Every structure is written in structure tokens, then in C-alpha cells.
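K.L.:
Quick one: sequence and predicted model below, then my questions.
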Amino acid sequence: MSTRPDVGDAMPDVAMETPEGGTVKPSDFKGGKLVVFFYPKDNTPGCTTENIDFSALAKDFEKAGTSLLGVSKDSAKKHQNFIAKHDLKAPLASDPEEKGLADALGIWVEKSMYGRKYMGMERSTFLVDADGKIAQVWRKVKVKGHAAEVLEAVKAL
């Protein structure tokens, strides 16, 4: 397993697919702050709550000069449906590739449920500064209150 990038390291710059069919990568946001939140799956309870919480605070993040980007392995089409169903305001990206951004960050990990092992996304959030460096990392995120906690960190940066 590769070393996981941490605070002070450059954010890996890997292109991901947008629901609109384009691509987006962390360097597209250079010059402003960026919050990239990774979640396991569209339309599951925790992931839906996390996306709604970030969407509810989207204007506050914008006022703080910070872009949001939610990332999962779901397809662009699934993201389109998820956005429409929940009126999400935080842009989403698909990171379906092996050797994608989640892999580069070391958050595509082996998980276990009911004794069954499988690969999955570790719910994690990365705050990237205007220079493209990782300013703060939240790993194994608990959804409740997380978006507000990230907003406070953004304001402090």
C-alpha cells in the first residue's frame, strides 16, 4: 500500500468525470480553497445526509472562498439522478477508475461487513488550500455535524 498523502502534501491531481460529461481535477480550483468530500455510495442514508448537509452550507462555503466537490465511485448517470432527487448544490464527480483520486489518497480500502471483505470508499474529507496543498484531513468521517465542522476549518484557514 502506498503512503497516504497528508497535511502539507500536494493534493494528487487526478481527473474525474462530472455528471455533465466533462472532467474535473483538483488543480482546476487552484487559487481558491477546495473541500473534496469522498463518500461510499449515492442514495444511501449516510451519504445522502452528508450531501444534503454540504448543500445546505454551499453558500457559506462560497462566501468563504471555497469550492465543494463530492466524490464517489458512482457513475455520472447515477450522480445526475442523485442531484435531481435531493436538489444537491455541491457539485459531484465520479472516480470510477482504478488508480483514481481515491486510490492516490489511500481511501479506496478493504472493508468488512458481516464477515465479508470487499473494497470500498473510506468516508474522508480533504481541505485543499489555494496553493493546492492539503490543509486538513478528516478520515473515517461521522456524518452528523461534519459539514459544519469543515466549514469552521475553512473559515479558520
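P.N.:
Now that the structure is in, tell me what you want to look at.

K.L.:
Which residue comes closest to Lys25 once chain neighbours are left out?
P.N.:
Ala15 (4.5 Å; CB to CB, 6 or more residues apart in numbering). No exception for glycine: its C-beta is placed from N, CA and C like everyone else's.

K.L.:
Repeat that for Asp42.
P.N.:
Per CB to CB, 6+ apart, closest to Asp42 is Phe82, 4.0 Å.

K.L.:
quick revisit: thought the residue nearest to Lys25 was touching Val24?
P.N.:
Yes: the pair Ala15 / Val24 is scored as a contact, 7.1 Å apart, by CB atoms under 8 Å.

K.L.:
quick one on the thing from earlier: give the contact list for the residue nearest to Lys25.
P.N.:
Thr23, Val24, Lys25 (CB atoms under 8 Å, 6 or more residues apart in numbering).

K.L.:
just Thr49 next, same as before
P.N.:
Per CB under 8 Å, 6+ apart, neighbours of Thr49: Val143, Lys144.

K.L.:
if you go through this protein in chain order, where are the strands?
P.N.:
Applying DSSP state E to the chain gives strands spanning 16-17, 23-24, 33-38, 66-72, 92-94, 108-113, 116-121, 124-128, 134-138.

K.L.:
quick one, what contacts Gly8?
P.N.:
Lys133, Ile134.

K.L.:
what's the distance between it and Glu110?
P.N.:
27 Å (CB to CB, to the nearest Å).

K.L.:
ditto for Ser27
P.N.:
Ser27 is 29 Å from Glu110, by CB to CB.

K.L.:
which one of those two has more residues nearby?
P.N.:
Counted by other CB atoms under 10 Å, Ser27 and Glu110 do not tie: Ser27 has more neighbours, with 16 against 10.

K.L.:
Give the full set of residues in contact with the residue nearest the centre of the chain.
P.N.:
By CA atoms, centre = their mean, the chain has its centre lying nearest to Phe37, at 2.1 Å. Applying CB under 8 Å, 6+ apart to Phe37 gives the contacts Glu50, Phe54, Leu68, Leu69, Gly70, Val71, Ala90, Ser124, Thr125, Phe126, Val141, Val150.
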